[in-house]
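S.K.: A predicted structure for the sequence below; I have some questions about it.
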Amino acid sequence: ALSVSDPQTVLEQFLRALRTRVDTRLGELLPGPTHPQDPIAAAMREGTLAPGKRIRPLLLLLALQDFDRLDEGAFDIACALEMIHAASLFLDDMPCMDDASLRRGRPTIHVQFGEDIAILAAVALLSHAFSVAACAQGVAHPVRTQMVCLLSQAIGSQGLVRGQYFDLREGRQQRPLDAIANANQLKTGSLFTAALEMAALFARCDVRQRNLLRGFAVELGHAFQLLDDLDDSMSSQQTGKDSGKDDGKSTVISLLGADATRQLLKEHVRYAEDHLARLGLAGGLLSQLLDRLFARAR
Ligand code: GRG
């Protein structure tokens, strides 16, 4: 039996409370209420509010709590991050990209609404995320501007978009480890890095702290993508068929095998922990989230 003072229970309760607040605010910020004439708003709501882990908002909010700087203003920025992530999933799932039919336990957005609506809803979500960040309540004006810059750089031709391009095109042939790691960093690490850079801005971190937070995000990005790849490869082994996603795609697993990938993942988790320790945040909430995310990989 767990007592209420059990650190894991406390973490679970805190995570649940933060997720609820993020989802409530997302519900307020997203266009709606929906009606049959507004499939764009319906698709935006459906895909964003569907039960995901909300890792990107949590990274921002937990970092701020670790620095004792969590306040109301951070929630709108956290929501902007989740909207951008949701938009990237709409596009990633489309037939011209990863061609997925299920996401977050539900039919993907183009399956539910059609490809035209999925593209329009993704573009609308992205645009909405920028307006939410630019107008975030309780955030000083210069900080909001810096956050909009960070978000746009994380997404653009040198960020998420570039990572997705590498995966779709170069990923069809075998590539060396550093090329796979670079693509993983761009497609998965970009929003983690943006979340923690924004935490550094909110918490008025100095350059050293900011670099350490960025280093943490990079290690987390690598580890997270390797775990995602291992999960995909496990589930395709179990069902005897490819999920579609990894059809001939060059991943760290296809290059090094599952055991070496697991070792590499553990190294990245250890480096991530090192960064937190150097920030004086060992045992804090980010560190507990890290433990929880990678408990399966130990
Ligand atoms: C213009 C926003 C925009 C994107 C265009 C399509 C694209 C470029 C990028 C896609 C990048 C992508 C899908 C990366 C995968 C990242 C990843 C590990 C997704 C799974 O994230 P989780 O596990 O999912 O956090 P949940 O559902 O829990 O939120």
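M.R.: Perfect, thanks for sending it.

S.K.: When you work out contacts or count neighbours from here on, use the C-alpha atoms and nothing else.
M.R.: OK.

S.K.: which element is the residue of the stretch 101-250 of the chain found nearest the ligand on?
M.R.: In the stretch 101-250 of the chain, the residue that lies nearest the ligand is Val161 (4.0 Å; Cα to the nearest ligand atom). If you go by DSSP states H and E, Val161 is part of helix 160-168.

S.K.: Could you name the helices and strands sitting against that helix?
M.R.: Packed against helix 160-168 by the contact rule (3 or more Cα pairs under 8 Å, 6 or more residues apart in numbering; DSSP states H and E) you find helix 177-184.

S.K.: The helix it packs on vs helix 160-168, what angle?
M.R.: Here the directions of helix 177-184 and helix 160-168 differ by 130 degrees (axes from the mean of the first three to the mean of the last three Cα atoms, to 10 degrees).

S.K.: contacts for helix 177-184?
M.R.: Helix 177-184 has contacts (Cα atoms under 8 Å, 6 or more residues apart in numbering) with 162-164, 166-167, 171, 221-222, 225, 250-252, 255.

S.K.: neighbours of the closest residue to Leu150 other than its chain neighbours, just the number please.
M.R.: The spatially closest residue to Leu150, leaving aside those adjacent along the chain, is Ala194, at 6.1 Å (Cα to Cα, 6 or more residues apart in numbering). Neighbours of Ala194 under the rule other Cα atoms under 10 Å: 25.

S.K.: Please name the residues that touch Leu168.
M.R.: Contacts of Leu168 by Cα under 8 Å, 6+ apart are Met97.

S.K.: same thing with Ala154?
M.R.: Leu160, Ser190, Leu191, Ala194.

S.K.: which stretches of the stretch 51-200 of the chain form helices?
M.R.: Counting by DSSP state H, counting those that start in this stretch, the stretch 51-200 of the chain has helices at residues 55-66, 73-92, 109-113, 115-134, 141-155, 160-168, 177-184, 190-202.

S.K.: As TSV, these with mean pLDDT would be great.
M.R.: Shown next, in TSV, are the helices of the stretch 51-200 of the chain (pLDDT from 0 to 100):
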stretch	mean pLDDT
helix 55-66	98
helix 73-92	97
helix 109-113	98
helix 115-134	98
helix 141-155	96
helix 160-168	96
helix 177-184	96
helix 190-202	98
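
S.K.: These: which one's closest to Asp38?
M.R.: Closest approach to Asp38 among those (Cα to Cα): helix 115-134, 10.2 Å.

S.K.: how about the closest one: buried residues?
M.R.: For helix 115-134, a neighbour-count test (16 or more other Cα atoms under 10 Å) marks 115, 117-126, 128-130, 132-134 as buried.

S.K.: repeat for stretch 91-110
M.R.: So for stretch 91-110, counting by 16+ other Cα under 10 Å, buried means Leu91, Asp92, Asp93, Met94, Asp98, Asp99, Ala100, Ser101, Arg103, Thr108, Ile109, His110.

S.K.: quick revisit: would you check how far apart the residue nearest to Leu150 and Gly221 are?
M.R.: Ala194 sits 11 Å away from Gly221, going by Cα to Cα, to the nearest Å.

S.K.: same check, this time on Ala203
M.R.: 22 Å.

S.K.: out of these two, which sits in the more crowded spot?
M.R.: Taking other Cα under 10 Å, Ala203 and Gly221 do not tie; Gly221 has more neighbours (25 against 18).

S.K.: Nearest spatial neighbour of the more buried one, chain-adjacent residues omitted?
M.R.: Gly189 (4.1 Å).

S.K.: my guess is the one you found meets Val218, correct?
M.R.: Yes - under the criterion of Cα atoms under 8 Å, Gly189 makes contact with Val218 at 5.7 Å.

S.K.: Comparing the two, which residue is more hemmed in?
M.R.: Neighbours of Gly189 and Val218, each counted by other Cα under 10 Å, are more numerous for Gly189; the result is 27 against 24.

S.K.: residues touching that one, list them.
M.R.: Applying Cα under 8 Å, 6+ apart to Gly189 gives the contacts Ala217, Val218, Leu220, Gly221, His222.

S.K.: repeat for Arg208
M.R.: Counting by Cα under 8 Å, 6+ apart, Arg208 has no contacts.

S.K.: what does the model give it for pLDDT?
M.R.: pLDDT, Arg208: 98.

S.K.: Please report how far it lies from Ala17.
M.R.: Distance from Arg208 to Ala17, by Cα to Cα: 31 Å.

S.K.: Same question for Arg144.
M.R.: For Arg144, the distance to Ala17 - Cα to Cα - is 25 Å.

S.K.: surely Leu279 meets Gln209?
M.R.: Yes - at 6.4 Å, Leu279 and Gln209 qualify as touching, with contact defined as Cα under 8 Å.
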